[in-house]
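Trainee: mind looking at a prediction? Sequence and model below.
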Amino acid sequence: MTQVNNYDVKDMTLAGKGRDRIAWAALEMPVLKQVRDRFEKEQPLAGQRLGCCLHITTETANLLITLKAGGASVVACASNPLSTQDDVAAALVEYGIPVYAIKGEDNETYYRHLDAVLDSHPTQTMDDGCDLVSRLHQDRPSQIADIIGGTEETTTGVIRLKAMEKDGALRFPIVAVNEADTKHMFDNRYGTGQSTLDGLLRATNVLLAGKNFVVAGYGWCGRGLASRARGMGAQVIVTEIDPIRALEAVMDGFRVMTMEQAAPIADIIITVTGNLNVVDRQLRKIKDGCLIGNSGHFNDEINIGFLDELSETRRVVREFVEEFKFFDGRKVYLLADGRLLNLAAAEGHPASVMDMSFANQALAAEWVFKKLGTLENKVYVVPREIDENIAALKLKAMGVDIDVLTDAQQAYLSSWQSGT
Ligand code: ADE
């Protein structure tokens, strides 16, 4: 272990605790472990400088260690001001990875930390939410020539990148890791589902059974959250803007209604839409005592400014819970300042799903380097072979066997002549 000199973390004495927790997460990350073992031997990232803007968690630490094992030099900052695990940040510095991340950092520090990563002149980016890539394109265009490509972790980041591609603004290729089936079907659904409830319960310790639990958005995260909340006995209500998703939610057995209709009966509202002001003017009708939180990437899904306008007072009543007392006496409780509840008040998605997400990240970074000179300035999906291989490795690690097609079945699937 070679500790680096340049870094900005809360407290280096936390490193021992961070090391233990990183090792604990590794127990549930067998696929990433196989990638790491191969990377150690083959050094596929030798000479690459990876600039990473990710949630600094135990799972991310295992990814960063894997990238370094593959020969890359790695510098990392947080992708959200509230998601950093300070012990992990300290442990990574001891592992020789410069980290710039402190839980609770203000916006100015957040961007200073992004700039510190960019000061390391990366040749590849690894982003979660597109803040690093956006900063690079807007403030440091001269550095773009050094960059061969990047990867993006999350739905919100992919939406921003596709907008950049559409505008002709994207200046290097990016692999959208979120689009891999082994990412969004597991991380977004089971990861967000479980970790959001974890954050909600750690922050409030409320009983979920019998509560009217509103899930705003029925994408992969919303599906996971709705099913987990139902599993805890809540009466789940879904709000949507997409008619197909809304119909799916109805047939999955949930009540579907508008936010206007849901607000007066909601005991808990959690937004997972990736859009802004999803809880907005409806706040006028909100039920007294309602808990409101967000597990979407940015803290703009709940209109906190409007909540302020409606309120006579605002005070912290316990960690991650702020009470807004309206002029008419009703009280509303905002969780984790409207930031990612699952990462701010809990530890983010469990390692077992991040195992697949981060195997995708590591293999996508390798793919970008292998494809040097052949990719266009576009958003790419993870190659299907990588996605399927990750699923096969995960099944193997879980001790699950599956059937294989016989020759006759293979031929049948590729023929069109035989019918009834
Ligand atoms: N995003 C959601 N959960 C995460 C975790 N545990 N680590 C890194 N990124 C995450």
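Mentor: Yes, it's here.
Trainee: what residues does the stretch 301-420 of the chain put near the ligand?
Mentor: Contact residues, the stretch 301-420 of the chain versus the ligand (C-beta under 6 Å from any ligand atom): 343, 348-349, 354. Every C-beta, even on glycine, is put in place using the N, C-alpha and C of the backbone.
Trainee: quick check: nearest residue in space to V4, chain neighbours excluded?
Mentor: Among residues not flanking V4 along the chain, P98 sits closest, at 4.7 Å (C-beta to C-beta, 6 or more residues apart in numbering).
Trainee: how about that neighbour, what does it touch?
Mentor: For P98, the contact set (C-beta atoms under 8 Å, 6 or more residues apart in numbering) comprises 4, 6-7, 75-76, 116, 120.
Trainee: buried ones from the residues of the stretch 301-420 of the chain next to the ligand, can you make that a ChimeraX selection?
Mentor: One line in ChimeraX is enough to select the buried ones among those; burial here means 16 or more other C-beta atoms under 10 Å:
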select :343,348,349,354
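Trainee: tell me which parts of the stretch 151-300 of the chain are close to the ligand?
Mentor: Near the ligand, when you scan the stretch 151-300 of the chain using C-beta under 6 Å from any ligand atom, you find G191.
Trainee: kindly indicate which of the residues of the stretch 301-420 of the chain next to the ligand lies nearest L247.
Mentor: Closest approach between those and L247, by C-beta to C-beta: H349, at 27.5 Å.
Trainee: what's the pLDDT at the closest one?
Mentor: Note on H349: pLDDT of 98.
Trainee: report the contact partners of the nearest residue to it once chain neighbours are set aside.
Mentor: Of all residues not flanking H349 in the chain, G191 sits nearest, at 3.0 Å (C-beta to C-beta, 6+ apart). Going by C-beta under 8 Å, 6+ apart, G191 touches 224, 348-350, 353-354, 357.
Trainee: over to S418?
Mentor: Per C-beta under 8 Å, 6+ apart, neighbours of S418: Y412.
Trainee: host element of it?
Mentor: If you go by DSSP states H and E, S418 is not part of any helix or strand.
Trainee: so the closest residue to the ligand within the chain, which of the three states?
Mentor: At 2.8 Å from the ligand, G348 is the closest residue in the chain, using C-beta to the nearest ligand atom. Under DSSP: H, G, I helix; E, B strand; the rest coil, the three-state class of G348 is coil.
Trainee: distance of the residue nearest to it when sequence neighbours are not counted from A209?
Mentor: Of all residues not flanking G348 in the chain, T57 sits nearest, at 5.0 Å (C-beta to C-beta, 6+ apart). Computed as C-beta to C-beta, to the nearest Å, the T57 to A209 distance reads 30 Å.
Trainee: neighbour count for these two, which is higher?
Mentor: T57 (24 against 9; other C-beta atoms under 10 Å).
Trainee: quick check: that one touching A89?
Mentor: No: in this structure T57 lies outside contact range of A89 using C-beta atoms under 8 Å: 9.8 Å.
Trainee: ok but G274 is inside a helix, no?
Mentor: No: assessed with three-state DSSP, G274 is coil; it does not lie in a helix.
Trainee: how deep is it tucked in, by neighbour count?
Mentor: Neighbour tally, G274, other C-beta under 10 Å: 21.
Trainee: quick one: I144 and F172 touch, right?
Mentor: Yes: counting by C-beta under 8 Å, I144 sits close enough to F172 to count as a contact (6.4 Å).
Trainee: kindly report the residues of the stretch 1-150 of the chain close to the ligand.
Mentor: Residues of the stretch 1-150 of the chain lying near the ligand by C-beta under 6 Å from any ligand atom: 55, 57, 59-60.
Trainee: most neighbours, which of those?
Mentor: T60 (33 neighbours).
Trainee: what residues are up against the closest residue to A180 other than its chain neighbours?
Mentor: Distances taken as C-beta to C-beta, 6+ apart put V382 closest to A180, at 4.1 Å, once the chain neighbours are dropped. Going by C-beta under 8 Å, 6+ apart, V382 touches 175-177, 179-180, 183, 360, 363-364, 367.
Trainee: from the contacts of P98, list the buried ones, please.
Mentor: Buried among these (16+ other C-beta under 10 Å): 7, 75-76, 116, 120.
Trainee: where do the helices sit along the stretch 201-350 of the chain?
Mentor: With DSSP state H, counting those that start in this stretch as the criterion, the stretch 201-350 of the chain has helices at 220-231, 243-251, 259-262, 304-310, 341-344.
Trainee: buried ones in the second one?
Mentor: Applying a neighbour-count criterion of 16+ other C-beta under 10 Å, the buried positions in helix 243-251 are 245-246, 248-249.
Trainee: one more: the first one?
Mentor: Within helix 220-231, the residues scored as buried using 16+ other C-beta under 10 Å are 220-230.
Trainee: my read: Q85 touches E59, true?
Mentor: No: here Q85 lies out of contact with E59, judged by C-beta under 8 Å, at a distance of 9.8 Å.
Trainee: follow-up on the earlier one: ranking the contacts of V382 by neighbours, who comes first?
Mentor: Ranking the contacts of V382 using other C-beta under 10 Å puts V177 first, with 33 neighbours.
Trainee: and it, its phi and psi?
Mentor: phi -60, psi -30 (degrees, to the nearest 10).
Trainee: please, which helix or strand holds the closest residue to it other than its chain neighbours?
Mentor: Closest residue to V177 apart from its sequence neighbours, by C-beta to C-beta, 6+ apart: N360 at 4.7 Å. Assigned by DSSP H and E, N360 belongs to helix 351-370.
Trainee: so which elements touch that helix?
Mentor: Judged by 3 or more C-beta pairs under 8 Å, 6 or more residues apart in numbering; DSSP states H and E, helix 351-370 is in contact with helix 15-26, helix 30-42, helix 58-69, strand 124-127, strand 149-152, strand 174-176, helix 181-183, helix 384-397.
Trainee: quick one: strands adjacent to the fifth one?
Mentor: When pairing is defined by DSSP bridges, strand 149-152 lines up against strand 124-127 (parallel), strand 174-176 (parallel).
Trainee: can you report how many residues lie near G16?
Mentor: Neighbours around G16, by other C-beta under 10 Å: 13.
Trainee: tell me the SS of the closest residue to it other than its chain neighbours?
Mentor: Among residues not flanking G16 along the chain, A91 sits closest, at 7.7 Å (C-beta to C-beta, 6+ apart). Secondary structure, three-state DSSP: A91 is helix.
Trainee: just list the residues touching the closest residue to L393 other than its chain neighbours, thanks.
Mentor: Closest residue to L393 apart from its sequence neighbours, by C-beta to C-beta, 6+ apart: V31 at 4.7 Å. Residues counted as contacts of V31 (C-beta under 8 Å, 6+ apart) are 355-356, 359, 390, 393-394, 397.
Trainee: thanks a lot, catch you later.
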